[in-house]
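Asker: Okay, sequence plus prediction incoming.
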Amino acid sequence: MPHFLDIHTTEQTALRHMIDQARSMKDARAGRPKGTHDDDQPLQGHMVALIFEKPSTRTRVSFDMGVRQMGGQTMVLSGSEMQLGHGETIADTARVLSRYVDLIMIRTFEESILHELAEFASVPVINGLTNRTHPCQIMADVLTYEEHRGPIAGKKVVWTGDGNNVCASFLHAAGQFGFDLTFTGPESLDPDPEFVALARAQGARIEMVRDPARAVDGADLVVADTWVSMHDSQSNRERRHNLLRPYQVNDALMSHAKPDALFMHCLPAHREEEVTSAVMDGPQSVIFDEAENRLHAQKAILRYCLGV
């Protein structure tokens with residue numbers, strides 16, 4: 001079953017095909033109205049269930065539009081509507097949904113929910129995000145980097161701040177796409193050692209550097225994410241701000257990167273916290289291309305999973 005659960009569990013050749021196909025589909029849509037179908041309709045007759053236990057803007061809109069542009073239909077379900085794992089097991093939910101739809105995308109909290117759903121579903125399952133990883137975002141990021149600067153292989157990516165789920169998928173991608181990654185942030189927020197080890201085992205150079213200016217030296221790409229989640233308490237927000245303030249991406253920090261370095265952020269961003277507006281709106285920022293490319297990358301992921 002061609003699930004898309006994580007970057008490190010997907011074959012390198014399949015990942016490269018998805019990136020190349022995403023770019024081709026994006027080029028083919030150039031100048032076309034947003035709401036129109038693609039000329040190619042590979043999802044014609046397919047129904048895709050989009051499950052959101054976590055709220056979303058980009059994931060929901062990009063998957064919904066991607067399915068529609070390719071001729072398919074979507075059924076959007078919230079966690080409260082489904083009572084996922086409450087009153088009915090996740091395994092039984094997977095079995096039932098598989099009788100109705102052709103593919104399931106889920107954005108959830110616990111990674112175990114994703115894996116149980118995939119284990120018992122008889123249709124492909126896509127990881128739209130868990131607390132542990134966010135592979136669809138990084139596919140869009142690789143696509144964005146390559147359309148601006150060419151192959152990402154051999155490049156230096158610097159992650160600033162918290163070694164969270166997006167950082168985890170960047171580590172997976174470092175091993176699969178052949179780039180190096182430097183993490184700069186407080187030691188207490190280091191990325192999962194398991195993911196660091198996986199990337200290193202595939203030949204990627206992974207470094208932990210506490211001094212952000214030294215970390216960014218020679219970077220081809222600088223990436224940041226929010227310091228707090230919507231579920232954090234006020235006291236935890238203040239603690240994390242104090243920890244992470246030295247790692248804010250601003251003009252001074254970007255000056256240590258290569259002159260043609262790009263800046264990315266998966267959004268939503270808290271302006272003047274993890275990154276300044278001057279950087280977000282500056283010439284090195286590609287954050288809105290990155291957001292758009294969620295649509296194109298995910299269309300390629302959908303096609304990979306459905307074999308169309």
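Answerer: Arrived safely, thanks for sending. Residues are numbered from 1 along each chain as shown.

Asker: C-alpha from now on. contacts and neighbour counts both.
Answerer: Fine.

Asker: quick one: the helices in this structure?
Answerer: Remark: helices assigned in the chain by DSSP state H are 12-28, 58-69, 79-82, 90-100, 111-120, 135-149, 165-177, 193-201, 212-216, 234-244, 251-254, 277-280, 287-306.

Asker: just those helices: most buried one?
Answerer: The highest average neighbour count among those, using mean count of other Cα atoms under 10 Å, belongs to helix 165-177 at a mean of 26.

Asker: Keeping just the C-alphas, turn that helix into PDB.
Answerer: Extracted in PDB, the C-alpha atoms of helix 165-177 (Å, rounded to 0.1, in the frame of the first residue of the first chain):
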ATOM      1  CA  ASN A 165       7.900  18.100  14.200                       C
ATOM      2  CA  VAL A 166       8.800  20.300  11.100                       C
ATOM      3  CA  CYS A 167      12.500  20.100  12.100                       C
ATOM      4  CA  ALA A 168      12.200  16.300  12.400                       C
ATOM      5  CA  SER A 169      10.900  16.000   8.800                       C
ATOM      6  CA  PHE A 170      13.700  18.300   7.700                       C
ATOM      7  CA  LEU A 171      16.200  15.800   9.200                       C
ATOM      8  CA  HIS A 172      14.500  13.000   7.400                       C
ATOM      9  CA  ALA A 173      14.800  15.000   4.100                       C
ATOM     10  CA  ALA A 174      18.400  15.700   4.700                       C
ATOM     11  CA  GLY A 175      19.200  12.000   4.500                       C
ATOM     12  CA  GLN A 176      16.900  11.400   1.600                       C
ATOM     13  CA  PHE A 177      17.700  14.400  -0.500                       C
END
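
Asker: Dump stretch 139-153 to PDB, keeping only the CA atoms.
Answerer: Taking C-alpha atoms only, stretch 139-153 is exported to PDB below (Å, rounded to 0.1, in the frame of the first residue of the first chain):
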ATOM      1  CA  MET A 139       8.200  18.300   0.300                       C
ATOM      2  CA  ALA A 140       6.900  21.800  -0.400                       C
ATOM      3  CA  ASP A 141      10.000  23.300   1.000                       C
ATOM      4  CA  VAL A 142      12.300  21.100  -1.100                       C
ATOM      5  CA  LEU A 143      10.200  22.100  -4.200                       C
ATOM      6  CA  THR A 144      10.500  25.700  -3.300                       C
ATOM      7  CA  TYR A 145      14.200  25.700  -2.800                       C
ATOM      8  CA  GLU A 146      14.900  23.900  -6.000                       C
ATOM      9  CA  GLU A 147      12.700  26.100  -8.100                       C
ATOM     10  CA  HIS A 148      14.600  29.100  -6.800                       C
ATOM     11  CA  ARG A 149      18.200  27.800  -6.500                       C
ATOM     12  CA  GLY A 150      18.400  24.400  -8.200                       C
ATOM     13  CA  PRO A 151      19.200  21.000  -6.600                       C
ATOM     14  CA  ILE A 152      19.200  21.000  -2.800                       C
ATOM     15  CA  ALA A 153      21.700  18.200  -2.600                       C
END
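
Asker: just checking, Leu295 touches Met65?
Answerer: Yes - assessed by Cα atoms under 8 Å, Leu295 is found in contact with Met65 at 7.3 Å.

Asker: for the stretch 201-308 of the chain, which spans come out with low pLDDT?
Answerer: Residues of the stretch 201-308 of the chain meeting the criterion pLDDT under 70: 230-232.

Asker: so Arg23 touches Val142, yeah?
Answerer: No - using Cα under 8 Å, Arg23 makes no contact with Val142, being 10.8 Å away.

Asker: which residues does Ala297 contact?
Answerer: Met18, Ile19, Ala22, Arg23, Cys136, Met139, Ala140, Leu143 (Cα atoms under 8 Å, 6 or more residues apart in numbering).

Asker: residue contacts, the second one?
Answerer: Okay, so that is Ile19. Neighbour list for Ile19: Met139, Val142, Leu143, Ala297, Ala300 [criterion: Cα under 8 Å, 6+ apart].
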